[in-house]
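Colleague: got a predicted model here, sequence first, then my questions.
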Amino acid sequence: ESLRSVLTFASSNIGSWKTCRDKDSEERTQILILDIARAYFNAKIDREAAPCFVDLPREDPDSNDQCAELLRHMYGTRPAADGWQAEYSTALVRMGFKQGLASPNVFRHGEKKISCSVHGDDLTTEGPKDQLDWFVGELRKKYELKESCRLGPGAEDAKEGRILNRVVRWTKAGIEYEADARQAGKLVEQLGLAGANPAATPGQKPTAELIAAGEPLDLAKHKVFRGVAARGNYLSADRPDAQFAAKEICRWMAKPSTCGVLSLKRLGRYLEGRRRVISQYLWQEAQR
């Protein structure tokens, strides 16, 4: 949702928040995709409030009777994600960004007209080209980063990029956002429905008779059912057409039954015929 908010800002004129689609302008709107290298190692540990200790490597001569205290967060430790979230939030706020109230991983710089969504070590940012240059320069002072691509209207700007395995395209009519098709494909393959006749709808509310006729699944099949149902729930975030069906299927996760399997297979048959879904963010004037 935060990623789609950034795409909305990039495609909308909202009050004083204006987009620029002049291909030759240094102030043209761009979408910047970058990631921070070894992000968690940048976050310092508050040694007094919450010290963190780890085992020493076996080849270390002191590994039998001593351990090590971490000065910075390390991948695999429980507080690492929280530490990195506090690190980048502080850095962005000091740059002049305001942190979102509903979602703490969304940031907005009112003066420079930049909005940013952070997912782990991936940052998706939109704004004027010259201000994004400033943003990258400020980040490089603190972190090692990789700039994946910049989408925009300019001749040298990229027209397609990947964000968290979602495909984002810059077109003449607006911005396209394609859901991760791999998740739909994996769900279909897990159910053994590749090549099956597609269903017209992703699901339907089961009747009381159908629920009563359902039989509990063997315990050995519970894990598989829950895994596939969870995948359906995950992909529904980008697939509004499958949200209701995925929600209904999740009702059987506590006590999987044959009725739940039928609903899951129906969703699989639907996705077999519609593996790709593209959302369009057309250039628009929005009322504030």
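Modeller: Perfect, I can see it now. Since the model is a prediction, treat every value here as computed from it, not as a measurement.
Colleague: Glu209: neighbour count?
Modeller: Under the neighbour criterion other Cβ atoms under 10 Å, Glu209 is assigned a count of 8. Every residue, glycine included, has its C-beta placed from N, CA and C.
Colleague: secondary structure element for it?
Modeller: helix 208-213 (DSSP states H and E).
Colleague: kindly export the next helix or strand after that helix (C-alpha atoms) in PDB.
Modeller: Using DSSP H and E, the helix or strand that follows helix 208-213 towards the C-terminus is helix 219-235. The C-alpha trace of helix 219-235 is given here as PDB (Å, rounded to 0.1, in the frame of the first residue of the first chain):
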ATOM      1  CA  LEU A 219      -2.900 -33.900   9.800                       C
ATOM      2  CA  ALA A 220      -0.200 -34.500   7.300                       C
ATOM      3  CA  LYS A 221      -1.900 -32.200   4.800                       C
ATOM      4  CA  HIS A 222      -2.500 -29.300   7.200                       C
ATOM      5  CA  LYS A 223       0.900 -27.700   6.600                       C
ATOM      6  CA  VAL A 224       0.500 -27.900   2.900                       C
ATOM      7  CA  PHE A 225      -3.000 -26.400   2.900                       C
ATOM      8  CA  ARG A 226      -1.900 -23.500   5.200                       C
ATOM      9  CA  GLY A 227       1.100 -22.800   3.100                       C
ATOM     10  CA  VAL A 228      -0.900 -22.500  -0.100                       C
ATOM     11  CA  ALA A 229      -3.600 -20.500   1.600                       C
ATOM     12  CA  ALA A 230      -1.000 -18.100   3.000                       C
ATOM     13  CA  ARG A 231       0.400 -17.600  -0.500                       C
ATOM     14  CA  GLY A 232      -3.100 -16.800  -1.800                       C
ATOM     15  CA  ASN A 233      -3.500 -14.300   1.000                       C
ATOM     16  CA  TYR A 234      -0.100 -12.700   0.200                       C
ATOM     17  CA  LEU A 235      -0.800 -12.300  -3.500                       C
END
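Colleague: which residues sit against helix 219-235?
Modeller: 179-180, 183-184, 186-187, 190-191, 217, 242, 245-247, 249-250, 252-253, 256, 260-261, 264, 267 (Cβ atoms under 8 Å, 6 or more residues apart in numbering).
Colleague: give me the secondary structure label for Ile175.
Modeller: Look at Ile175: counting by DSSP: H, G, I helix; E, B strand; the rest coil, its state is strand.
Colleague: residues contacting it?
Modeller: Per Cβ under 8 Å, 6+ apart, neighbours of Ile175: 7, 10-11, 31, 151, 168-169, 280-281.
Colleague: picking that back up, of the contacts of helix 219-235, buried ones?
Modeller: 179-180, 183-184, 187, 190-191, 217, 242, 245-246, 249-250, 252, 256, 260-261, 264, 267 (16 or more other Cβ atoms under 10 Å).
Colleague: quick one: which of these sit in strands?
Modeller: Taking DSSP state E, every one of those sits outside strands.
Colleague: which stretches of this structure form strands?
Modeller: 12-14, 29-36, 53-55, 67-69, 98-99, 106-109, 114-119, 122-128, 145-151, 160-163, 166-170, 174-178, 278-282, 284-286.
Colleague: out of the ones you listed, which is closest to Ala213?
Modeller: Ranking the strands of the chain by proximity to Ala213 (Cβ to Cβ) places strand 278-282 first, at 38.0 Å.
Colleague: in the closest one, what counts as buried?
Modeller: Of the residues in strand 278-282, those buried (16+ other Cβ under 10 Å) are Tyr281.
Colleague: got the phi/psi numbers for Lys18?
Modeller: phi -110, psi 140 (degrees, to the nearest 10).
Colleague: enumerate every residue touching the nearest residue to it once chain neighbours are set aside.
Modeller: Residue nearest to Lys18 in three dimensions, not counting chain neighbours: Lys113, with 7.7 Å by Cβ to Cβ, 6 or more residues apart in numbering. The contact partners of Lys113, taken as Cβ under 8 Å, 6+ apart, are 17-18, 127-128, 131.
Colleague: who wins for most neighbours among those?
Modeller: Scoring the contacts of Lys113 on neighbours with other Cβ under 10 Å, the highest-scoring entry is Gly127 at 27 neighbours.
Colleague: ok, that one to Trp17 distance?
Modeller: Computed with Cβ to Cβ, to the nearest Å, the distance linking Gly127 and Trp17 is 10 Å.
Colleague: one more: Arg182?
Modeller: 34 Å.
Colleague: same deal with Leu193?
Modeller: Taking Cβ to Cβ, one finds Leu193 at 45 Å from Trp17.
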